[in-house]
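Participant: Quick one, structure for this:
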Amino acid sequence: MRIISYLISLLLLSACAKTPQKAPLSLWYDEPAAGWNDALPIGNGRAGAMVFGGVEKEQLQLNENTLYSGEPSVVYKDAKITPEMFDKVVGLMKAGKYNTASDLVCKNWLGRLHQYYQPFGDLHIQNNKQGDAGGYKRALNISDAIATTVYEQNGTHYEREVFASYPDDVIVMRLKSSRPDGIDISLDFTSPHPTALQKGADDRLILHGQAPGYVERRTFKQLEEWGDQYKHPELYDANGKRKFNKRMLYGDEIDRKGMFFEAQLKPVFPKDGKCEITDSGIHVYDTDEVYFVLSMATSFNGFDKSPSREGIDPSAKAAGILDKALSYDYQTLKQRHTEDYRSLFDRVGFELVSSPEQKAMPTDKRIEQFAQTADPDLAALLFQFGRYLMISGSRPGGQPLNLQGMWNKDTIPAWNCGYTININTEMNYWPAGPANLSECQQPLFRMIRELAVSGAETAKNMYNRRGWVAHHNTSIWRESLP
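Facilitator: A predicted model of the protein is given here:
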């Protein structure tokens with residue numbers, strides 16, 4: 001009993017002892033991002049941004065993970081497989097005649113590519129103050145999921161914070177200066193989609209547009225050499241002649257099909273400040289602090305609903321999200337964000353030892369030296385960065401991580417930026433369980449349930465089989481054809 005009492009006393013003393021405060025885990029750099037691949041990702045499982053950290057011009061490249069081209073898929077009757085053809089292919093495979101089986105499958109079974117994950121747009125922040133900057137540092141604190149940029153200009157200290165909140169479903173950006181009138185900035189939206197228009201409202205800036213109703217990354221030469229014109233009635237007439245000389249169709253070109261999207265941005269002044277909002281953008285000046293709350297929404301209403309005919313109103317959704325978030329001040333928004341994020345991220349600690357000199361270097365310099373000089377702490381940071389991306393890109397209620405997570409700048413991205421479900425999707429989610437982030441798998445499990453619905457149609461109509469089937473690739477529309 002004395003031993004048990006002694007152990008209990010030790011445990012109580014340990015619980016009362018003050019835990020040393022650990023330095024936050026950060027990726028940091030001493031210059032702005034030179035391009036998209038150097039920018040820093042933030043996300044809340046639905047909306048995200050790549051933060052460039054510029055001084056003269058800051059850029060947030062925006063994504064919302066339901067924004068895809070196209071609509072629910074067409075199932076082509078030409079893809080129906082006769083029992084004889086199915087049995088023949090199976091027999092060839094059993095006989096080891098894989099090339100012959102592959103030729104038959106490619107000629108008779110294959111459908112077409114699925115549709116494409118789309119970029120939303122960009123938020124640009126122009127610094128109207130002139131002068132060289134010093135003391136520059138941009139960082140991504142993955143312990144709190146906050147991107148920061150700090151610098152000195154004309155003797156004034158500037159700070160910028162950006163985070164994507166899951167509990168409030170918004171992106172928040174705060175700017176501070178050490179001088180009462182240090183901030184003078186202009187903000188505006190752009191989008192790669194020609195349908196997108198910016199307009200100023202009474203208290204906010206709005207970007208509204210429609211994604212393409214159809215996109216194809218195969219070239220016309222490929223489609224015509226393969227004789228696949230009939231699979232693409234959007235691009236070819238019944239005689240196999242081209243309707244267009246482009247492979248991305250908007251508006252009237254595609255019967256007004258396509259996903260609608262909208263962003264709403266509102267400035268908030270904790271103290272005094274001046275603001276002008278017009279169709280050209282927002283001008284903020286004569287203040288030392290301002291923060292902006294950004295909401296994004298699309299007309300997506302489910303994998304089996306037309307976003308142009310049966311979609312939700314993205315304007316109403318974006319306004320509702322924004323107005324709800326605006327009931328909190330900046331500190332409360334930040335606290336709600338960090339508490340939610342830490343409830344997941346803080347479950348796992350992982351420490352490996354590197355020298356103080358290595359840990360004091362910018363992250364890009366550490367990466368450059370890694371092949372020549374062991375840096376175990378950088379490997380531990382990479383592990384935790386993977387957990388950060390999982391939390392940022394895959395939360396309950398959102399879409400699963402696609403081939404680029406949720407961060408994409410291209411209207412015709414590599415491999416459609418969709419889901420390659422024979423291996424890549426699984427690889428994205430392999431760490432979820434071991435990294436103690438099981439909740440982040442929920443979007444993947446929902447996608448599987450939805451694929452079972454479209455996949456049952458493919459099994460019945462294409463293979464004349466029960467159950468359900470899905471092939472190599474899919475998108476938000478849950479295509480299940482090969």
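Participant: where's residue 132 relative to residue 114, distance?
Facilitator: 48 Å (CB to CB, to the nearest Å). Glycine gets a C-beta too; all of them are placed from N, C-alpha and C.
Participant: between the two, who's got more neighbours?
Facilitator: residue 114 (24 against 9; other CB atoms under 10 Å).
Participant: and the gap between the more buried one and residue 458?
Facilitator: From residue 114 to residue 458 the distance is 13 Å (CB to CB).
Participant: same check, this time on residue 86
Facilitator: From residue 86 to residue 458 the distance is 13 Å (CB to CB).
Participant: Neighbour count: these two, which is higher?
Facilitator: residue 458 (22 against 15).
Participant: Apart from its neighbours in sequence, what residue is nearest the more buried one?
Facilitator: Using CB to CB, 6 or more residues apart in numbering and skipping the chain neighbours, the partner closest in space to residue 458 is residue 480 (4.4 Å).
Participant: do residue 104 as well
Facilitator: residue 89 is the one closest to residue 104 (CB to CB, 6+ apart), at 5.7 Å.
Participant: and the closest residue to residue 436 other than its chain neighbours, how many neighbours?
Facilitator: Sequence neighbours aside, residue 347 is the residue nearest to residue 436 in space, at 4.3 Å (criterion: CB to CB, 6+ apart). Residues within reach of residue 347, counting by other CB under 10 Å, total 11.
Participant: Could you do residue 239 as well?
Facilitator: 6.
Participant: What of residue 451?
Facilitator: Neighbour number of residue 451 under other CB under 10 Å is 21.
Participant: okay but residue 80 is in contact with residue 461, surely?
Facilitator: Yes: Residue 80 is within contact range of residue 461, at 6.4 Å (criterion: CB atoms under 8 Å).
Participant: Would you verify that the residue nearest to residue 436 is located in a helix?
Facilitator: No: Residue 347 is assigned coil when assessed by DSSP: H, G, I helix; E, B strand; the rest coil, not a helix.
Participant: what about it, distance to residue 437?
Facilitator: 8 Å.
Participant: got the contact list for residue 456?
Facilitator: When contacts are counted by CB atoms under 8 Å, 6 or more residues apart in numbering, residue 456 touches 467-468.
Participant: switch to 10 Å and redo it
Facilitator: 465-469, 480 (CB atoms under 10 Å, 6 or more residues apart in numbering).
Participant: just residue 458 next, same as before
Facilitator: Counted by CB under 10 Å, 6+ apart, residue 458 has contacts 75, 79, 111, 451, 465, 468-471, 479-482.
Participant: Let's verify it: helix, strand, or coil?
Facilitator: helix.
Participant: Domains of the protein: list them as residue ranges, please.
Facilitator: 30-64+118-212+256-373, 220-246 (automatic domain parsing).
Participant: Pick the most deeply packed of these.
Facilitator: Ranked by average neighbour count under the criterion mean count of other CB atoms under 10 Å, these are headed by domain 30-64+118-212+256-373 at a mean of 19.
Participant: Span of that domain from start to end?
Facilitator: 21 Å (CA to CA, to the nearest Å).
Participant: do the same with stretch 262-280
Facilitator: 16 Å.
Participant: That stretch: how far from the chain's middle?
Facilitator: 25 Å (CA atoms, centre = their mean, to the nearest Å).
Participant: Could you pull up the mean pLDDT of it?
Facilitator: The average pLDDT within stretch 262-280 is 97.
Participant: Just the CA atoms of stretch 241-250, as CSV, please.
Facilitator: What follows is stretch 241-250 as a C-alpha-only set of coordinates in CSV (Å, rounded to 0.1, in the frame of the first residue of the first chain):
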residue,chain,number,x,y,z
LYS,A,241,-17.2,17.3,-86.9
ARG,A,242,-16.0,19.8,-84.3
LYS,A,243,-18.4,22.3,-82.9
PHE,A,244,-15.7,24.4,-81.3
ASN,A,245,-12.0,25.1,-81.5
LYS,A,246,-11.6,25.0,-77.8
ARG,A,247,-12.2,22.4,-75.1
MET,A,248,-13.5,24.5,-72.2
LEU,A,249,-17.1,25.6,-72.6
TYR,A,250,-19.0,28.2,-70.7
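Participant: Just the terminal-to-terminal distance for stretch 295-305.
Facilitator: 23 Å.
Participant: how about the nearest residue to residue 428, chain neighbours excluded?
Facilitator: Nearest to residue 428 is residue 401, by CB to CB, 6+ apart, at 4.4 Å.
Participant: Distance-wise, check the one you found relative to residue 443.
Facilitator: Counting by CB to CB, the gap from residue 401 to residue 443 is 8 Å.
Participant: thinking again about what came up before, so for residue 420, which of the domains of the chain sits nearest?
Facilitator: domain 30-64+118-212+256-373 (17.6 Å; CB to CB).
Participant: Do you have the strands of the stretch 51-200 of the chain handy? List them.
Facilitator: 57-64, 121-127, 133-141, 146-153, 156-165, 170-177, 183-190, 197-200 (DSSP state E, counting those that start in this stretch).
Participant: just checking, what packs against the longest one?
Facilitator: Packing partners of strand 156-165 (3 or more CB pairs under 10 Å, 6 or more residues apart in numbering; DSSP states H and E): strand 40-43, strand 47-51, strand 57-64, strand 133-141, strand 146-153, strand 170-177, strand 289-298, helix 330-345.
Participant: And the residue most central in space within the chain, what's its pLDDT?
Facilitator: With distances taken as CA atoms, centre = their mean, the chain has residue 406 as the residue nearest its mean C-alpha position (2.0 Å). For residue 406, the model assigns a pLDDT of 96.
Participant: so what's it up against?
Facilitator: 41, 43-49, 63-65, 67, 117, 164, 389, 392-394, 398-400, 417.
Participant: before we move on, the earlier item: tell me the secondary structure at the residue nearest to residue 458.
Facilitator: coil.
Participant: thinking it is in contact with residue 471, fair?
Facilitator: Yes: Residue 480 lies in contact with residue 471 (CB atoms under 10 Å); the separation is 6.6 Å.
Participant: Counting neighbours, go ahead and name the busier of those two.
Facilitator: With neighbours defined as other CB under 10 Å, residue 480 and residue 471 compare such that residue 480 has more, 27 against 18.
Participant: can you pull the pLDDT of the more buried one?
Facilitator: 93.
Participant: Repeat that for residue 83.
Facilitator: Reading off the model, residue 83 has pLDDT 83.
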